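Chemist: The following comprises the amino acid sequence and a computationally predicted model.
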There are 2 protein chains.
Amino acid sequence: MSKGEQTREHILQRAAEVFSERGFFGTSMNDLVRATGLEKGGIYNHFRSKEQLALEAFDYSYWLVSHRIKTAVQAADLPIERLRAFVAAFASQVEQPLLPGGCPVLNTAVEADDAHPALRERVYGVVQEWTGLLAEMVRDGQAQGALRRDVEPETVATVVVAALEGGIMLAKLMQQREVMRRVVAHLSDYLEQLRTR
Amino acid sequence: MSKGEQTREHILQRAAEVFSERGFFGTSMNDLVRATGLEKGGIYNHFRSKEQLALEAFDYSYWLVSHRIKTAVQAADLPIERLRAFVAAFASQVEQPLLPGGCPVLNTAVEADDAHPALRERVYGVVQEWTGLLAEMVRDGQAQGALRRDVEPETVATVVVAALEGGIMLAKLMQQREVMRRVVAHLSDYLEQLRTR
């Protein structure tokens, strides 16, 4: 990486952390100056506005989480194991956080859904990707005869993502890891019930 | 109500709507001036700061949701029906919203957990109240012999609140009511499995 690319990467990393804890509207340029150790002008050399930096910081944050999830999913073989790997990798954000403020998809969805169309569109795309990936795993399992055919793949995808995102919200708020363990145990039972008998 | 009390109530209602869509950090005093139709001074006559107004608007918002949930729960008789009533009343926030920006507990938890200790403390209290209420319903059902004794009441409470909050986040983001219906159907199956056989 060139010096400029390194600086850009450094800004993105620090910005992702600040947005993660304070949100888009709660983060000022001064917060970003403090976090990066750069002057305002130094930041604007690489990103034309706080808005532009927020969008790219979201992409960076989402990539961190998605990369962990996809790596775990790809290491598993059978569809049911891949579903479990998705759940475990997602839930690991509580005990081994990638960002200080929790799941960037949850945080950005809640902040942006009514108030920031460009960010909302980014999160929408990620959720579609995640639920699409989960539904595909269910369909693969059904095609292999391992998972029940009377289950709607989209329903499984919705239930898994909803429980995980709600779980991370509760675990962060209550500062209790136990909360996420309960949600994972529940989803584990749920996935077990999808097996053909 | 006196004229002053009416004005105070009017400010709280409008502020709750604005905070609901834009969040604490995304809402400026100017937004509140626009929403209430009052001058800044008129707002400060009743609330000493945006901070103070946000805390009271959260209490007001949470009361709206909690009132709907508790009314539904109290109308039901058996513990399992009370659990179902909690789920249905909570989920009705998607099809019959009380506030434009979705569940105030979810919104405030995500925004405040790292960034606003006083608001975080308020939300923490509400979540403890809700999970406590749910766990108590499970314990009542167990005492009556209607619900399985090998189920942890706190686990049921966590799973229900996590799935509902995650469901409302997804339903709002995707603008799809179907999302919440899937989550409710899942919780309905889950609660059914708690019955003694």
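Modeler: Good, I have the coordinates.
Chemist: can you pull out the helices in chain A?
Modeler: A:3-26, A:29-36, A:40-44, A:50-75, A:79-95, A:104-112, A:117-143, A:153-174, A:177-192 (DSSP state H).
Chemist: and the ones you listed, which is most packed in?
Modeler: helix A:104-112 (a mean of 27; mean count of other C-beta atoms under 10 Å in any protein chain shown). Bear in mind the C-beta positions are built from the backbone N, C-alpha and C, glycine included.
Chemist: list the contacts for A:Ala89?
Modeler: A:Ala89 is in contact with A:Arg68, A:Ile69, A:Thr71, A:Ala72, A:Val73, counting by C-beta atoms under 8 Å, 6 or more residues apart in numbering or on different chains.
Chemist: For chain B, what's the nearest residue on chain A?
Modeler: The nearest approach of chain A to chain B comes at A:Gly166, 3.0 Å away (C-beta to the nearest C-beta).
Chemist: any idea of the pLDDT on the closest residue to that residue other than its chain neighbours?
Modeler: Distance criterion C-beta to C-beta, 6 or more residues apart in numbering or on different chains; nearest residue to A:Gly166, sequence neighbours excluded, is B:Gly166 at 3.0 Å. According to the prediction, B:Gly166 has pLDDT 98.
Chemist: Is B:Gly166 in contact with A:Glu165, as I believe?
Modeler: Yes. B:Gly166 lies in contact with A:Glu165 (C-beta atoms under 8 Å); the separation is 4.0 Å.
Chemist: Arrange the contacts of A:Ala89 in JSON lines, one row each, with pLDDT and distance to chain B as further columns.
Modeler: Below are the contacts of A:Ala89 laid out as JSON lines (pLDDT from 0 to 100; distance: C-beta to the nearest C-beta, whole Å):
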{"residue": "A:Arg68", "pLDDT": "98", "distance to chain B": "19"}
{"residue": "A:Ile69", "pLDDT": "98", "distance to chain B": "16"}
{"residue": "A:Thr71", "pLDDT": "98", "distance to chain B": "23"}
{"residue": "A:Ala72", "pLDDT": "98", "distance to chain B": "20"}
{"residue": "A:Val73", "pLDDT": "98", "distance to chain B": "20"}
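Chemist: if we can go back for a sec, and of the helices of chain A, who's closest to B:Trp63?
Modeler: helix A:153-174 (18.9 Å; C-beta to C-beta).
Chemist: how far out from the middle of the chain is the closest one?
Modeler: 11 Å (C-alpha atoms, centre = their mean, to the nearest Å).
Chemist: quick one: A:Trp130 and A:Leu164 touch, right?
Modeler: No. Under the criterion of C-beta under 8 Å, A:Trp130 makes no contact with A:Leu164, lying 9.4 Å away.
Chemist: roughly how far out does stretch A:143-150 sit from the chain middle?
Modeler: The answer for stretch A:143-150 is 28 Å, by C-alpha atoms, centre = their mean.
Chemist: Return the set of buried residues in that stretch.
Modeler: For stretch A:143-150, burial by neighbour count (16 or more other C-beta atoms under 10 Å in any protein chain shown) applies to A:Leu147.
Chemist: Tell me the pLDDT of A:Met1.
Modeler: For A:Met1, pLDDT reads 86.
Chemist: Just give the closest residue to it, not the sequence neighbours.
Modeler: Here the residue nearest A:Met1, using C-beta to C-beta, 6+ apart, is A:Glu9, at 6.9 Å.
Chemist: quick one: pLDDT of that neighbour?
Modeler: 96.
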